[in-house]
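A.B. asks: Mind looking at a prediction? Sequence and model below.
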Amino acid sequence: MSDRTLSPRPSQLDKAAFVAAYGEIYEHSPWVAELTWEKALTVAQDTPEGLAEAMGEVLASAPAERQLEVIRAHPDLAGKAAVAGELTDDSTREQAGAGLDQCSPKEMARFERLNAAYKAKFGFPFVMAVKGSDRYAILDAFETRLENDPAEERRTAVEQINRIARFRLEARADAGK
């Protein structure tokens, strides 16, 4: 467990304040924060790791359709929203950190082909926690995960979304927000 503390401290917030502060950790899905708060937060959730675990359990235990809503709220990696500058601030930083804003035209075309093939097979965008990765590893993961069956890929996407949430909470603690 980390000695870093989130600010504002989740355990000290009422529901509205908690959702206002942490509702966008999961891309366009404040319901994850709402249900997390309803489980009675303690000081254990005042750290990035503690809150990430609590929020992750909410998503992992949600019905498949709710999980799919969260997955579908994520943008394509190196997709049209990124090119048009329409990503959330968190997604913009995450994709740029992996070098997705520096793709060559050939790499961009490969991302577009893989995004289309992935969506055609699974009905949702490819989601990967890209922190610490680069565009080459992401493209390789894309091709590997296209071999998964739909249920396995939904579970993998949820795991990746929970990693993204943890990274976002750690970044907030490090920034002293």
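C.D. replies: Here it is on my side, so go on.

A.B. asks: Could I get the buried residue list for stretch 164-177?
C.D. replies: Under the neighbour-count criterion of 16 or more other Cβ atoms under 10 Å, stretch 164-177 has I164, A165, R166, F167, R168, L169, E170, R172, A173 buried. All C-beta atoms are positioned from the backbone trio N, CA, C, and that covers glycine.

A.B. asks: Please name the nearest non-neighbouring residue to the second one.
C.D. replies: Translated: A165. The shortest distance from A165 to any non-neighbouring residue, by Cβ to Cβ, 6 or more residues apart in numbering, is to I25 (5.0 Å).

A.B. asks: ditto for the fourth one
C.D. replies: Distances taken as Cβ to Cβ, 6+ apart place K131 nearest to F167, at 4.9 Å, with adjacent residues excluded.

A.B. asks: Then the third one?
C.D. replies: What sits nearest to R166 in space, not counting adjacent residues and going by Cβ to Cβ, 6+ apart, is A52, at 3.8 Å.

A.B. asks: Which secondary structure element is home to the one you found?
C.D. replies: Per DSSP states H and E, A52 falls inside helix 48-61.

A.B. asks: After the worst-scoring helix or strand of the chain on mean pLDDT, which helix or strand is next?
C.D. replies: Ranked by mean pLDDT, DSSP states H and E, the weakest helix or strand in the chain is helix 80-83, scoring a mean of 57. Downstream of helix 80-83, the next assigned helix or strand under DSSP H and E is helix 89-97.

A.B. asks: ok so, going back, list the contacts of the residue nearest to A165.
C.D. replies: The neighbours of I25, taking Cβ atoms under 8 Å, 6 or more residues apart in numbering as the test, are V32, A33, M55, A165, R168, L169.
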